[in-house]
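J.: have a look; sequence and predicted model below, questions after that.
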Amino acid sequence: MKTRLLFVGLLSLLLAAASVPLYAQDATPQVEISDASLARYTDGGQMQLVVEFQNSGEVDPGAISVTEDGKPISEIAVEQISESTISNAIILVIDTSGSMEGPGLAAAKEAAIALINGKRSKDYMAIVSFSDGPVVRTGLTNSKSELRNAVEALQTSGGTALYDAVMKGVEIYESVTNDLVKNVIVLSDGNDADSKATLAEAAKAVGDSQVRVFTVALEGEDFDPASLAQIAQAGGGLALTTPNPEELAGLYKQIQTEIDNSYVIRFTGLQTKRAEVTYQVAYQGLTASFTVEVPGFTPVTTTRPAPTTTRPPITIPAGSPLPASPLVLRAIGSGAAAIAAALFLFILFGGKRDDAAATLGKRLAAYGRRGARGEGEGEQRLIERIPLLRLFAARAEEEVKKRGLLSGVNAILDQANIPLSAGEAVAASLGLSALVGVITGLVTVNTIIGIVAFAVMLVIVASIIQYAGAREKRRFESQLPDTLTLLSTSLRAGYSLLQAVEAVAAEAPEPTSREFGRAIAESRLGRPVVAALQGITDRMRSGDFDWAVMAIEIQREVGGNLAEVLQTVADTMLARNRLKGEIRALTAEGRISAIVLIMLPIGLGFFVWSSNPDYISPLFTDVRGVVAIVVGGLLMVAGWFWLRKIVNIEV
């Protein structure tokens, strides 16, 4: 009787023990540094380590110490990862083979949904199922509804491709560049039967990655925990087993607790120069090391404040080529840019007037309201008084002339009414752009950014000149009907053509008065009137005024009433301008639509980048994202030209 009772007692203990989840590996406490962030190291040596305490139970943050190349770090800040800004990521790999049908899959769904509901909003999860092969149900997302829908849609069928599913779960992280703590949880109830990969290949893929893998084995008829335990051991995670599907939720919660048992350690590094540094974290006899190359930083030391001051002075290290503070760098850069802009304006318009040249300018002004370059034609600007600048401008003009661009550059400057020669304009543009590029490179401490700033500044200067010329042309052509009417009425009043041109120079607004005044000056110096008017056409690049000059030239050759011809041309241009205005009003909606369609993606991109940079960063770091941006940009440019072709109607 006693033997029977003893046997029954032992059997009860064995059954009770069998219902308790077991570790399929040695649960030895370990410490591992899973990530080291250098994002802010150049800003005073700010360093961040993510440390995992595996199988260590509750951790005492005060017992954690850090050394750098054997030198202790005196001040460290320790924060549990669940309370930090760093996000956890879990890829849940669920067995949906035929053997999971019934209570197994139902319990797996319930446990997965409980895990999803308990995650933080900033944490990410993905769902991968496997039967005959792995299937990614949803990629990494923080949307709980999307994850729940993916879990609810799981159904059982087929065999078991366990090793392929493990490799697929690890592979998802290969394209992820976000600052995430990466984990994989694998649930299976049987042995692998359909994978293309072997157990050794799956374990190697897990070991080579920076992903922590946990395995949960639901004991079944073909249960073999050895393969799952080997995968978990390669991934530095836990291998748990249970015969009861209802305990899956508890096992997931246990794994979540183990994942949350990670800490973020922040401190100020000691290495001020670029070097390879080894950091070691110690906790109750456990140690972990991590070697990384740090970029170095420029130290800023502070001294005790003097009795009469309340702010401690900042001392710059001896031999430093630039002030160490980024604020000081930006201040110097801004001041240098302001000085450069003032110097550029002084080069263009500064300097004293030479008396002899001023007298000559006044004498030439008697032949017209304006000189070819304005009333200050005789001024000797600073760029002419400094030999080096004068030589640079002369060499620039020679290079422009050699390449056959001299007439084009002069025409652009004439149209924009910029009082510079081609060489002076090129020299000033290159000098200003080079100065901006150098300042940008010094402030950002990046040569590539400085070169880009130089190129961008060149484009900006050229665009400003083009815009100024286009604006002068629009103003001239909008005044042209009134100009021709004034010429016609002057001719009807008995004026000669030269006197009518003088009347326009005296009465018309800018830029018409300036251009006609220049034509008067040229005609008084011996140039034919028609040729002088043709010069206005060449400078302003106006096809409309070219018609008027052509009408004048034809009338002078064949005879006729020039006043009526000019009045007819003026009426035609007036009607044409009215039609242009109507067309512009009718196509305004199309132009606005083009602007909105082009700016909307750019604006939304900047908004998402400023509000959630981690979400949009794969577009710039992943090859597929870069390709998408390039293709999208090309399509936007094509759409812009297409819409312009539709709304730009020539009259």
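T.: Thanks, I have the structure now. What you are looking at is a predicted structure, and each value in this text was computed from that prediction instead of being measured.
J.: what's the strand or helix carrying residue 205 packed up against?
T.: In this assignment (DSSP states H and E), residue 205 forms part of helix 199-208. Counting contacts by 3 or more C-beta pairs under 8 Å, 6 or more residues apart in numbering; DSSP states H and E, helix 199-208 packs against helix 162-172, helix 225-234. In this view, the C-beta of every residue, glycine as well, is placed from N, C-alpha and C.
J.: what's downstream of that helix, the next helix or strand?
T.: strand 212-218.
J.: out of the helices and strands packed on helix 199-208, which one sits most buried?
T.: Compared across the helices and strands packed on helix 199-208, helix 162-172 shows the largest average neighbour count, a mean of 24 (mean count of other C-beta atoms under 10 Å).
J.: that helix versus helix 199-208: what angle between them?
T.: 20 degrees (axes from the mean of the first three to the mean of the last three C-alpha atoms, to 10 degrees).
J.: now the element after helix 162-172, going C-ward?
T.: strand 180-188.
J.: if we can go back for a sec, got JSON lines for the helices and strands packed on helix 199-208, with mean pLDDT and distance to residue 527 too?
T.: Converted to JSON lines, the helices and strands packed on helix 199-208 look like this (pLDDT from 0 to 100; distance: least, C-beta to C-beta, whole Å):
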{"stretch": "helix 162-172", "mean pLDDT": "88", "distance to residue 527": "78"}
{"stretch": "helix 225-234", "mean pLDDT": "84", "distance to residue 527": "90"}
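J.: tabulate those helices (TSV), appending distance to residue 614.
T.: As requested, those are exported to TSV (distance: least, C-beta to C-beta, whole Å):
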stretch	distance to residue 614
helix 162-172	16
helix 225-234	28
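J.: orientation of the helix holding residue 205 relative to strand 212-218 in degrees?
T.: Using the same axes, to 10 degrees: helix 199-208 against strand 212-218 is 140 degrees.
J.: from the chain's centre, how far out does helix 199-208 sit?
T.: What separates the centre of helix 199-208 from the centre of its chain is 37 Å, taken as C-alpha atoms, centre = their mean, to the nearest Å.
J.: quick check: residue 256 touching residue 115?
T.: Yes - in this structure, residue 256 is within contact of residue 115 by C-beta atoms under 8 Å, at 6.6 Å.
J.: related to what we said a few turns ago, could I get the helix holding residue 205 in CSV with only the CA atoms?
T.: Provided in CSV are the C-alpha atoms of helix 199-208 (Å, rounded to 0.1, in the frame of the first residue of the first chain):
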residue,chain,number,x,y,z
LEU,A,199,19.5,23.8,-39.3
ALA,A,200,23.2,24.7,-39.5
GLU,A,201,22.5,27.4,-42.1
ALA,A,202,19.6,28.9,-40.0
ALA,A,203,21.7,28.9,-36.9
LYS,A,204,24.6,30.6,-38.7
ALA,A,205,22.3,33.3,-40.2
VAL,A,206,21.0,34.0,-36.7
GLY,A,207,24.5,34.1,-35.2
ASP,A,208,25.8,36.4,-37.9
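J.: how's the chain carved up into domains?
T.: 22-26+84-261, 326-466, 472-585, 588-647 (automatic domain parsing).
J.: out of those, nearest to residue 274?
T.: domain 326-466 (13.0 Å; C-beta to C-beta).
J.: quick check: mean pLDDT of the closest one?
T.: For domain 326-466, the mean pLDDT works out to 64.
J.: oh, and call the first residue 290 from now on, that's how I've got it
T.: Renumbered: residue one is now 290, and that last one reads domain 615-755.
J.: any weak-confidence spans in the stretch 290-439 of the chain?
T.: The stretch 290-439 of the chain contains residues with pLDDT under 70 at 290-316, 323, 344-346.
J.: one more pass at 80, please.
T.: The stretch 290-439 of the chain contains residues with pLDDT under 80 at 290-334, 338, 341-347, 349, 351, 369-375.
J.: what ranges do the strands span in it?
T.: 311-312, 319-326, 335-343, 353-357, 360-361, 365-369, 376-384, 413-419, 423-430 (DSSP state E, counting those that start in this stretch).
J.: can I get those in CSV with distance to residue 556 and mean neighbour count?
T.: Output for the strands of the stretch 290-439 of the chain, formatted as CSV (distance: least, C-beta to C-beta, whole Å; neighbours: other C-beta atoms under 10 Å):
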stretch, distance to residue 556, mean neighbour count
strand 311-312, 34, 13
strand 319-326, 12, 18
strand 335-343, 6, 21
strand 353-357, 6, 18
strand 360-361, 11, 11
strand 365-369, 4, 14
strand 376-384, 22, 24
strand 413-419, 27, 25
strand 423-430, 30, 17
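J.: export those strands to TSV and tack on distance to residue 737?
T.: As requested, the strands of the stretch 290-439 of the chain are exported to TSV (distance: least, C-beta to C-beta, whole Å):
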stretch	distance to residue 737
strand 311-312	52
strand 319-326	23
strand 335-343	24
strand 353-357	31
strand 360-361	35
strand 365-369	34
strand 376-384	31
strand 413-419	33
strand 423-430	32
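J.: quick one: end-to-end distance for stretch 362-377.
T.: 27 Å (C-alpha to C-alpha, to the nearest Å).
J.: contacts made by that stretch with the rest, please.
T.: Residues from elsewhere that reach stretch 362-377, judged by C-beta atoms under 8 Å, 6 or more residues apart in numbering: 339, 350, 353-356, 408-409, 411-413, 431, 467-470, 472, 548-549, 551-557, 559, 903.
J.: how much space between residue 362 and residue 332?
T.: 17 Å (C-beta to C-beta, to the nearest Å).
J.: all set now, cheers.
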